[in-house]
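What follows is a protein structure lacking sequence information:
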């Protein structure tokens, strides 16, 4: 069907269709009357709209609304089976895959540990295939896949940069090989950027178009959102803040080759045990197996392990629980370290808010957040509000799903094509 001409009734129908579908996603099941009120459409027009969307397979009748005088009203919802998307979160230790229906509900998942003797393409196809199988679907049912990785793929060369630790992913032909192996459109995005997508869609950055997300787990990284859109930079490397030169640390030259930088050396999780010892804080007990978070995300990766992340998380959580004496001094010192690099980012971008995300910083809770905000007010010309991230459960994977859903909904909900 030809695209609707601007200003014509067909264009208005397309716009009303999309408005109604978005309302159904936001509010859940709605009646004809409720949709009419929310869209400003008359009851007959709302009825025609729902009949049209139901015939197109985009909405389904889901029950009735009881408890009011008169006949029970029929309720409608977005058809969750109208499309499915998938996301993969790739780290050096594993690939986590998930499948979601059009409403965003996860219907299948699979975690595949890294296998040194298996190539990247084979691992991706296996992880995705198992998640799709878990959802009771076939690969042909998946409309789009978004793959999250550390670093970023250079848009000119197609080579993964800033992620030498992701073994097997540096081949210049990798993207072509994945495109040949997978039957659906595939997109690639930096893991920290996708954490920001999750916060913008579901968490602390909802309603904000200019913000920075500072991620702190195995590495320090940032996502930059300007005018509501991710800013990736010319080579895809925007936000690699771990490489920032900062006061108090020697200049690191050839930072990509060294895979480290001043800000990471100053404020990465690996500094916490020595900082705590110097301030008289008892060492945190060794973390239990599996403790902490899925700590393999971050922009700059040196020899930091998941166990070190868990130890740093334990130190900060204990200090935040009793923020006085040596514990308070630890929080203050670490807040100063984090604010030192963050001040440069804020001076350049002047964001409305800064979202603190990742297991390390969030372990410090409100005491650490308030201290970072106070330090930043002294170090930066702008004073953005600092907020703690709200998407705590697998934010990178959730962001990848949200990214895939946004693109898929734009396609599936476009009734001008029907």
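Happy to help now that I have it. Please read these numbers as outputs of a predicted model, since none were measured by experiment. Numbering: from 1, shown residues only.

Which strands or helices does the helix or strand hosting residue 309 pack on?
Taking DSSP states H and E as the definition, residue 309 sits inside helix 306-321. With contacts defined as 3 or more C-beta pairs under 8 Å, 6 or more residues apart in numbering; DSSP states H and E, helix 306-321 has these neighbours: helix 272-278, helix 325-349, helix 359-363, helix 365-379. Just so you know, the C-beta spots here come from the backbone N, C-alpha and C atoms, and that holds for glycine as well.

gap between the residue nearest the centre of the chain and residue 345?
The chain has residue 195 as the residue nearest its centroid, 2.3 Å off, counting by C-alpha atoms, centre = their mean. The spacing between residue 195 and residue 345, counted by C-beta to C-beta, to the nearest Å, is 16 Å.

Residue 147 pairs with what?
Beta-bridge pairing for residue 147 (DSSP bridges): residue 88, residue 188.

surely it meets residue 182?
No - the criterion here is C-beta atoms under 8 Å, and residue 147 misses it with residue 182 at 9.6 Å.

ok, now which ones touch residue 351?
The contact partners of residue 351, by C-beta atoms under 8 Å, 6 or more residues apart in numbering, come to 210, 211, 212, 225, 382, 384.

number of nearby residues for residue 170?
14 (other C-beta atoms under 10 Å).

just to revisit the earlier point, so the residue nearest to the centre of the chain sits right up against residue 394, yeah?
No - look at residue 195 against residue 394 with C-beta under 8 Å: they stay out of range, at 9.7 Å.

Flag the shaky bits of the stretch 301-418 of the chain, pLDDT-wise.
301-303 (pLDDT under 70).

want to throw the contacts of residue 351 into CSV with neighbour count?
Below are the contacts of residue 351 laid out as CSV (neighbours: other C-beta atoms under 10 Å):
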residue, neighbour count
210, 16
211, 24
212, 28
225, 25
382, 14
384, 22
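
For the least confident helix or strand in the chain by mean pLDDT, what is the distance to the chain centroid?
When each helix and strand of the chain is scored by mean pLDDT, DSSP states H and E, helix 255-258 comes last, with a mean of 71. Here helix 255-258 shows a centroid-to-chain-centroid distance of 26 Å under the convention C-alpha atoms, centre = their mean, to the nearest Å.

after that helix, next one along is what?
Heading C-terminal from helix 255-258 (DSSP H and E), you reach helix 262-267.

So which elements touch that following helix?
Checking 3+ C-beta pairs under 8 Å, 6+ apart, helix 262-267 ends up next to strand 220-226, helix 325-349.

give me every residue that touches the residue nearest to the centre of the chain.
With the criterion set at C-beta under 8 Å, 6+ apart, residue 195 makes contact with 213, 215, 223, 297, 357, 358, 389, 391, 395, 396, 399.

want to try JSON lines for these, with distance to residue 231, neighbour count and secondary structure as columns?
Below are the contacts of residue 195 laid out as JSON lines (distance: C-beta to C-beta, whole Å; neighbours: other C-beta atoms under 10 Å; DSSP: H, G, I helix; E, B strand; the rest coil):
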{"residue": "213", "distance to residue 231": "12", "neighbour count": "32", "secondary structure": "strand"}
{"residue": "215", "distance to residue 231": "15", "neighbour count": "31", "secondary structure": "strand"}
{"residue": "223", "distance to residue 231": "9", "neighbour count": "31", "secondary structure": "strand"}
{"residue": "297", "distance to residue 231": "19", "neighbour count": "29", "secondary structure": "coil"}
{"residue": "357", "distance to residue 231": "17", "neighbour count": "33", "secondary structure": "strand"}
{"residue": "358", "distance to residue 231": "19", "neighbour count": "28", "secondary structure": "coil"}
{"residue": "389", "distance to residue 231": "19", "neighbour count": "22", "secondary structure": "coil"}
{"residue": "391", "distance to residue 231": "20", "neighbour count": "23", "secondary structure": "coil"}
{"residue": "395", "distance to residue 231": "19", "neighbour count": "29", "secondary structure": "helix"}
{"residue": "396", "distance to residue 231": "18", "neighbour count": "32", "secondary structure": "helix"}
{"residue": "399", "distance to residue 231": "16", "neighbour count": "31", "secondary structure": "helix"}
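
In the stretch 101-250 of the chain, what residue spans correspond to helices?
120-134, 174-181, 191-202 (DSSP state H, counting those that start in this stretch).

In the host helix or strand of residue 34, which residues are buried?
In the assignment (DSSP H and E), residue 34 maps to helix 32-39. Within helix 32-39, the residues that count as buried by 16 or more other C-beta atoms under 10 Å are 32, 34, 35, 36, 38, 39.

Check stretch 172-192 too.
174, 175, 178, 182, 184, 186, 188, 189, 190, 191, 192.

got a list of what the closest residue to residue 198 other than its chain neighbours touches?
Spatial nearest neighbour of residue 198, excluding adjacent residues (C-beta to C-beta, 6 or more residues apart in numbering): residue 399 at 3.7 Å. Listed by C-beta under 8 Å, 6+ apart, the contact partners of residue 399 are 148, 189, 193, 194, 195, 196, 197, 198, 199, 201, 391.

residues near residue 405, how many?
Neighbours of residue 405 using other C-beta under 10 Å come to 25.

I'd assumed residue 181 was in contact with residue 139.
No - applying C-beta under 8 Å, one finds residue 139 not in contact with residue 181, separated by 10.2 Å.

State the helix or strand in which the nearest residue to residue 59 once chain neighbours are set aside lies.
Residue nearest to residue 59 in three dimensions, not counting chain neighbours: residue 53, with 4.4 Å by C-beta to C-beta, 6+ apart. Assigned by DSSP H and E, residue 53 belongs to helix 43-55.

Which SSE is immediately downstream of that helix?
Assigned by DSSP H and E, the successor of helix 43-55 is strand 59-65.

Cool, thanks, talk later.
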